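**Student:** fold the following, please.
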Amino acid sequence: MTDTAAGTTDTAHALGASATLWELLERRAALTPDAPALIQAAASGRHDRRLTFRALRTRAERTAAGLYAMGVGPGSRVAWQLPTRLETVVLTMALARLGAVQTPLIPYYRDREVGYALRASGARFFAVPGAWRGFDHTAMAHRLAAGLPQPPRVFEAYDALPVADPKAAKLPPPPTDGTAVRWIYWTSGTTSDPKGVLHTDRSLIAAGSCLAHALRLRPDDIGSMAFPYAHVAGPDYTVMLLLYGFPAVLLEHFALPDSLAAYRRHGVTVAGGSTAFYSMFLAEQRKDPAHRLIPTLRLLAGGGAPKPPALYHEVVRELGCQLTHGYGMTEVPMITMGSPDDSAELLATTEGRPPAEMEIRVVDGEVRLRGEAVCAGYLDEAQTREAFDADGFLRTGDLGHLTASGHLVLTGRAKDIIIRKGENISAKEIEQLLYRHPDVGDVAVIGLPDAERGEVVCAVVEQPVGAAPLTVEGVGSYLRDVGLSVHKVPERVEVVDALPRNETLRKVLKYRLRERFGGAVR
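**Tutor:** Residues are numbered from 1 along each chain as shown. Just a heads-up that it's a prediction; the model follows:
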């Protein structure tokens, strides 16, 4: 068993354990009131919208007064399912001002996930965008509410928010306890109901603070949010803006090449999201290698999914910027992060180091966590008891080890180990080797049931345009040539047009691949 608590300094530590998100906004609005905070990117630059930090605070307090008039107060449970917009950030800060308990829902969730979250959280209010991207969220909300014993009040919050005069509304004092549970986030329920993850302002502030410090961000940076703001990365990023005083460009819908105009127009210096985002930027850069895709970009940063080491070198070489990758999850938004000061080898092969307040313990190969950024548990107390060990460490289900320098190397998921004839095989190891194959664009390796061997290894591949057809024999020969043990070579290769991914950080959904290809070996 190994332990470490080494890392960087938490720049939010001076705020104390009782710091709240609203306190951060008030401090930033007082320090740099006229500095830009949020930039809503429109399809045409003529319709871009901006908010300064002072305007964000003012609008949030007026919205808090409007919500208070509706009956929202300290402790009220409010669900919202909204895209990445100025209004969404204003709403969430207004709820933070009131001390409400908010449960964000990814806009792409539908009846099953949303219905479960409303029922499990006991939400009494539900904010939706109306009809958005061809789907009527208001109709779904009313349909689901009708089936609940205590239906939440449904209201639309896309273009307009409820507002009132804060003085006339006689708002209660802002919350002062940052350790109270005020957030319920949801894991991505794939084969079962999602888990409700409990967070405090303090845990989210700790994560965002450590992330900003690790990335060496500056007040003159221009950030970007291309992911759903309802993801736990939303407050993570907001904390960075409030602590460091730089703005972020908000993209309601990220798609390349259409979104590039906004990055260029506003001179974005920091972008990212996850491994899939890196790959999408690379694909666009390769269409015109002679010109930098985003001339001002100095840093791609993200996490949420494994990163092949070869991808790091491709990004740095072809996009002309640095890439720092990290490790986080809904339960712990920031665990480790690569730093621009790290060597190329460490940035390519590790997930970075933890901050000082994050303890990492590796028990029988499993990564376990304890620290300020760790969630307070789950809505279901039984799930909480199961997830934490006797010393209060969260069991992640991820496998890995710590280097001598304190950097974390992830080797896979406990559930992503393929057991073939009694031998453990890491899917991640095979994926990283196959990613280097010239005829492989992206790959997911899964185990499929087999009566004789227990499981067989199957590589599911996306191919780039113009690639030569892949065969089991060709893939096997390639992997043996690069040194993979013979017993790990895939018995099956499947080519797909696109790997199935979720709508947040574009993680590959391996359970869908297992469902699709779970028949007998051919």
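**Student:** quote the end-to-end distance of stretch 283-300.
**Tutor:** By CA to CA, to the nearest Å, the extent of stretch 283-300 from end to end equals 15 Å.
**Student:** pull out the buried residues from it.
**Tutor:** Within stretch 283-300, the residues scored as buried using 16 or more other CB atoms under 10 Å are Glu284, Gln285, Leu293, Ile294, Thr296, Leu297, Leu299, Leu300. To be clear about C-beta, it is placed using only N, CA and C from the backbone, and glycine gets the same treatment.
**Student:** for the first one, helix, strand, or coil?
**Tutor:** Classification of Glu284 by DSSP: H, G, I helix; E, B strand; the rest coil places it in helix.
**Student:** which ones are touching the closest residue to it other than its chain neighbours?
**Tutor:** In this structure, Glu284 finds its nearest non-sequential neighbour in Leu256, 5.1 Å apart by CB to CB, 6 or more residues apart in numbering. Under the criterion of CB atoms under 8 Å, 6 or more residues apart in numbering, the contact partners of Leu256 comprise Met280, Phe281, Ala283, Glu284.
**Student:** list just the nearest of those to Val493.
**Tutor:** Ala283 (22.3 Å; CB to CB).
**Student:** contacts for the longest helix seen in the chain, please.
**Tutor:** Using DSSP state H, we find that the single longest helix of the chain is helix 53-70. With contact meaning CB under 8 Å, 6+ apart, helix 53-70 is reached by 25-26, 28-29, 31-35, 37-38, 51, 78, 89-91, 93-98, 100, 125, 153, 155, 161-166, 168-169, 171-172, 242, 245.
**Student:** from those, which land in strands?
**Tutor:** Ala37, Leu38, Leu51, Val78, Phe125, Arg153, Phe155 (DSSP state E).
**Student:** if we only consider these, which is nearest to Tyr511?
**Tutor:** Once CB to CB is applied, the member of the ones in strands among the contacts of helix 53-70 that ends up nearest Tyr511 is Val78, at 31.0 Å.
**Student:** list the single closest residue to the closest one in space, sequence neighbours excluded.
**Tutor:** Excluding the flanking residues, the one nearest Val78 by CB to CB, 6+ apart is Phe125, at 4.4 Å.
**Student:** from what I see, that neighbour and Ser76 are in contact.
**Tutor:** Yes - counting by CB atoms under 8 Å, Ser76 is a contact partner of Phe125 at 6.7 Å.
**Student:** what ranges do the helices span in the stretch 201-350 of the chain?
**Tutor:** With DSSP state H, counting those that start in this stretch, the ranges of helices along the stretch 201-350 of the chain come out as 201-215, 233-244, 260-265, 275-285, 309-319, 344-349.
**Student:** out of the ones you listed, which is the most enclosed?
**Tutor:** Highest mean neighbour count of the helices of the stretch 201-350 of the chain: helix 201-215, a mean of 27 (counted as mean count of other CB atoms under 10 Å).
**Student:** kindly format the C-alpha coordinates of that one as PDB.
**Tutor:** Only the C-alpha atoms of helix 201-215 are listed here, as PDB (Å, rounded to 0.1, in the frame of the first residue of the first chain):
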ATOM      1  CA  ASP A 201     -19.600  24.600  -1.900                       C
ATOM      2  CA  ARG A 202     -16.400  23.800  -0.100                       C
ATOM      3  CA  SER A 203     -15.700  20.600  -2.100                       C
ATOM      4  CA  LEU A 204     -16.400  22.400  -5.400                       C
ATOM      5  CA  ILE A 205     -14.200  25.400  -4.400                       C
ATOM      6  CA  ALA A 206     -11.400  23.100  -3.400                       C
ATOM      7  CA  ALA A 207     -11.500  21.300  -6.700                       C
ATOM      8  CA  GLY A 208     -11.700  24.500  -8.900                       C
ATOM      9  CA  SER A 209      -9.000  26.200  -6.900                       C
ATOM     10  CA  CYS A 210      -6.600  23.300  -7.200                       C
ATOM     11  CA  LEU A 211      -7.300  23.000 -10.900                       C
ATOM     12  CA  ALA A 212      -6.600  26.700 -11.600                       C
ATOM     13  CA  HIS A 213      -3.300  26.500  -9.600                       C
ATOM     14  CA  ALA A 214      -2.200  23.400 -11.400                       C
ATOM     15  CA  LEU A 215      -2.800  24.900 -14.800                       C
END
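**Student:** that one to helix 233-244, inter-axis angle?
**Tutor:** Per axes from the mean of the first three to the mean of the last three CA atoms, to 10 degrees, the angle that helix 201-215 makes with helix 233-244 is 70 degrees.
**Student:** do you know how far Ala261 is from Ile106?
**Tutor:** According to CB to CB, to the nearest Å, Ala261 and Ile106 sit 25 Å apart.
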